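>>> can you look at this prediction? I've put the sequence above it.
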Amino acid sequence: MLYVAVATRAFRRYATYRAATLAGIFTNSVFGVIYSYVYLALWTARPGAGGYDAVDAVTYVWLGQALLMTVALWGGGSTDDLAARIRTGDVAIDLYRPVGLVGWYLAADLGRAAYHLLTRGLAPTVVGFVLFDIRLPDLAGAALFAVSIVLAVVTSFGFRFLVACSAFWLLDQSGVQLMSGVLAIFFSGLALPLVIFPEPLRSIALVLPWASYLQTPADVWLGTLDGTGLLAALGLQVAWAVVLLGCCRAVVGAATRRVVVQGG
Amino acid sequence: MAELSRTVREAPELYGRIAWMWVRSSLAYPLSFWLMTLGSALITFLDFVALWLMFSTVDALGGFELWEIALLYGASGIGIGVADLLIGSVEQIGDHVRTGTLDTMLTRPVPVLVQVCADRFALRRLGRITQAVAVFAWGAWSVDWSADKVVVAMGMVLGACAIFFSLFVTMSCVQFWTHDASEFANAFTYGGNTMTQYPLTVFPREVVRTLTFVIPVAFTNWYSCLHLLDRPDPFGMPGWFALAPLPVGILMLAVAGLAWRTGLRSYTSTGS
């Protein structure tokens, strides 16, 4: 119940910045249009690249724009607050609370993600749907897509939480954050769909945790995965989410001992 | 008038002093500084790798080969890279308005634009410029150079810097009215950069017209590069457009100056 309250507050907090949301939707749409034409040119030159047709490719572009903020692809979200609190020492107060640090910030981040999905996820998708030919999933596909997005947000949260925790040791997390964002953009499939990477880079990228951010949800939406392939992709998302959350707990444990020694 | 010329003379020095302060402050956390520099370089490096990976699937995109696209990519990248290094911080103007720090700036004997642009000056952005220069040089290797092409190339680079410089300022001025809409400018600055990284043949005719006559980012690289590549314009624009970047850039600087003055004049303090 407490976590629901935390998530709701986070949702409302982001809902305050209306102009920012509108500006973001506009920018996402502009980039959606740009990449749609680029991918159309690419798929015209090479139809069927990566097992996608031109409609799949354009749909992929708009899914990327929709998930960019929802999954907090290049950082940000509730973990930015955590990093700031570690820097100022306020995190000591968080550690005294009878609530787990990981659970608290995860709830807040899920609330943020829900807001971003409903605004900066939905609106650009509608724009893309109006301007281009876009593939829609069936009901089962949509349900699985929803599951896949939640797993995407949790995986991305796990990474961002660990990045924020690096501030316990480095005092400033911005360098690690930038590097982490760079890897996420490239290996999530935002820069280019992972399915058209040449082998063996493609196979490697598909098992890395960043594939969870965009490539996997997009493939679930497009229905390009069959029974076992679909199960494997979702299973991999679950596995990475569990591993990363486990790492978060371990790091908080290690950091707690250090913070106590330092006195915040 | 005398006052204006003094301001113009002193602005670079004042800018330099503020920028140097931020460079020193960013060096306070050396590990972060070097990771950020490495990250900035890597971000643009992987950006080009993505383009290169596209060419593992196709031989040409929009009728252009990879080395030709490298020329377009590099020219646009140098333009936005220099503009971003020098005045990219103008994007934060909304924060200054919202939090009231603009009030503090107004009381100081340094032009506000200089203060805003030099704020949080980040030397790490040199990483992006270096990458763009390297990509451009690689593309330029295959160009059949002549004296007039050198002139066109120089005009293009200067023009591209001026055009992106103006876009950063003009589009950020929107934030004088909507304080939290900083992302709006990104659609034009980074969006313009992304579009011009590709041959404009990828886009429909109307889009190319818009990029020429409304938001003239096509002048940052497209028309001049067509000349460097000895290609006729696929959309039938005149050949002398190759020499237009610098005049277009100067015109846009004037527009940016006007936008900035209008914005600043309409500014009323948040009072907090």
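Perfect, thanks for sending it. Residues are numbered from 1 along each chain as shown, chains lettered A, B, ... in the order given.
>>> quick one, what contacts B:Trp222?
Taking CB atoms under 8 Å, 6 or more residues apart in numbering or on different chains, we find B:Trp222 in contact with B:72, B:196, B:199-200, B:211. C-betas here are computed from N, CA, C, even on glycine.
>>> and if we set it to 7 Å?
Neighbouring residues of B:Trp222 by CB atoms under 7 Å, 6 or more residues apart in numbering or on different chains: B:196, B:200.
>>> which bits of chain A sit near chain B?
A:17, A:19-20, A:23-24, A:26-27, A:30-31, A:34, A:37-38, A:41-42, A:45-46, A:49, A:170-172, A:174-176, A:178-179, A:182, A:186, A:191-192, A:196-198 (CB under 7 Å from any CB of the partner chain).
>>> pLDDT weak spots in the chain?
All of this is about chain A. A:259-264 (pLDDT under 70).
>>> could you do chain B instead?
B:1-4, B:270-272.
>>> just the helices in it please.
Ranges of helices within chain B are B:2-26, B:30-54, B:66-87, B:93-99, B:101-107, B:112-118, B:126-140, B:147-172, B:183-196, B:205-213, B:222-228, B:245-266, based on DSSP state H.
>>> which among the residues of chain A next to chain B end up buried?
Buried members of these, counted by 16 or more other CB atoms under 10 Å in any protein chain shown: A:19-20, A:23-24, A:26-27, A:30-31, A:34, A:37-38, A:41-42, A:45, A:49, A:170, A:172, A:174-176, A:178-179, A:182, A:186, A:191-192, A:196-197.
>>> what residues does the stretch 151-272 of chain B have near chain A?
So the stretch 151-272 of chain B meets chain A at B:178, B:180-181, B:183-184, B:186-187, B:191, B:194-195, B:198, B:202-203 (CB under 7 Å from any CB).
>>> could you report the distance from B:Ile129 to chain A?
Taking CB to the nearest CB, to the nearest Å as the measure, B:Ile129 falls 17 Å from chain A.
>>> who's in contact with that residue?
The neighbours of B:Ile129, taking CB under 7 Å, 6+ apart as the test, are B:78, B:81-82, B:85.
>>> so which of those residues is the closest to A:Phe132?
If you rank the contacts of B:Ile129 by distance to A:Phe132 using CB to CB, B:Gly81 comes first, at 31.0 Å.
>>> ok and the residue in chain A nearest chain B?
Distances between chain A and chain B by CB to the nearest CB are smallest at A:Gly175, namely 2.8 Å.
>>> quick one: contacts for that residue?
By CB under 7 Å, 6+ apart, the contact list for A:Gly175 reads B:31-32, B:35-36, B:39.
>>> now a ChimeraX select for only the buried ones of the residues you listed.
The following ChimeraX line selects those of the contacts of A:Gly175 that are buried, judged by 16+ other CB under 10 Å:
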select /B:32,35,36,39
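>>> can you list the contacts of A:Gly175 in a markdown table and add distance to A:Arg87?
Formatted as a markdown table, the contacts of A:Gly175 follow (distance: CB to CB, whole Å):
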| residue | distance to A:Arg87 |
| --- | --- |
| B:Leu31 | 14 |
| B:Ser32 | 12 |
| B:Leu35 | 16 |
| B:Met36 | 16 |
| B:Gly39 | 19 |
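>>> please list which of the contacts of A:Gly175 also come close to chain A.
Filtering those for proximity to chain A by CB under 7 Å from any CB leaves B:31-32, B:35-36, B:39.
>>> what's the closest of these to chain A?
Using CB to the nearest CB, B:Leu35 comes nearest to chain A of the ones next to chain A among the contacts of A:Gly175, at 2.8 Å.
>>> thinking that closest one is in contact with A:Gln177, fair?
No - checked against CB atoms under 7 Å, the pair B:Leu35 and A:Gln177 is beyond contact range at 8.9 Å.
>>> tell me the SS of A:Pro47?
Classification of A:Pro47 by DSSP: H, G, I helix; E, B strand; the rest coil places it in coil.
>>> neighbours around it, how many?
Residues within reach of A:Pro47, counting by other CB atoms under 10 Å in any protein chain shown, total 11.
>>> please apply the same query to B:Ala140.
18.
>>> and the gap between it and chain A?
B:Ala140 is 23 Å from chain A, where distance means CB to the nearest CB.
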